[in-house]
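Peer 1: Have a look; sequence and predicted model below, questions after that.
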Amino acid sequence: MPDPKFVIAMGACTCGGGPYYKYGYNVVKGVDLVVPVDVYVPGCPPRPEALLEGLMRIQDKVNGMKSMTKNQPIECPIPSRIGYPHLPPELADMEKANEFCKRTKEKAAPAKA
């Protein structure tokens, strides 16, 4: 995945381990110990409006990044293959394409017993 990457931690167990962090071997003691987190969405399970709030905070971060890179040249990768696709000679014109389809259809037909 290309940069920039954003991380949303959703739920009480993800944010801080929840009620199981002390004695549970299967619960991470907070995801921020593993990866850097941009937005925390509280709740167990998180409410829809809390998730939307988290997504709006990510949008704010993206808009802030746009203002930092304003008036700077943007590097756009140019694809190595542009233009029209090159067809093999047997599909170059319609008559040849129809003949090719008939031949391949005959070859693909099951043999009669």
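Peer 2: Yep, that arrived.
Peer 1: By average pLDDT, which secondary structure element in this protein comes out worst?
Peer 2: Lowest on mean pLDDT, DSSP states H and E among the helices and strands of the chain sits helix 12-16, with a mean of 75.
Peer 1: chain center to whichever strand or helix holds Lys107: distance?
Peer 2: Assigned by DSSP states H and E, Lys107 falls within helix 94-108. Relative to its chain's centre, helix 94-108 lies at 39 Å (C-alpha atoms, centre = their mean, to the nearest Å).
Peer 1: circling back: would you mind writing the CA trace of the least confident helix or strand of the chain as PDB?
Peer 2: Provided in PDB are the C-alpha atoms of helix 12-16 (Å, rounded to 0.1, in the frame of the first residue of the first chain):
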ATOM      1  CA  ALA A  12     -11.700  -0.600  23.900                       C
ATOM      2  CA  CYS A  13      -9.700  -3.800  23.600                       C
ATOM      3  CA  THR A  14      -7.700  -2.300  20.600                       C
ATOM      4  CA  CYS A  15      -7.100   1.000  22.300                       C
ATOM      5  CA  GLY A  16      -6.000  -0.100  25.700                       C
END
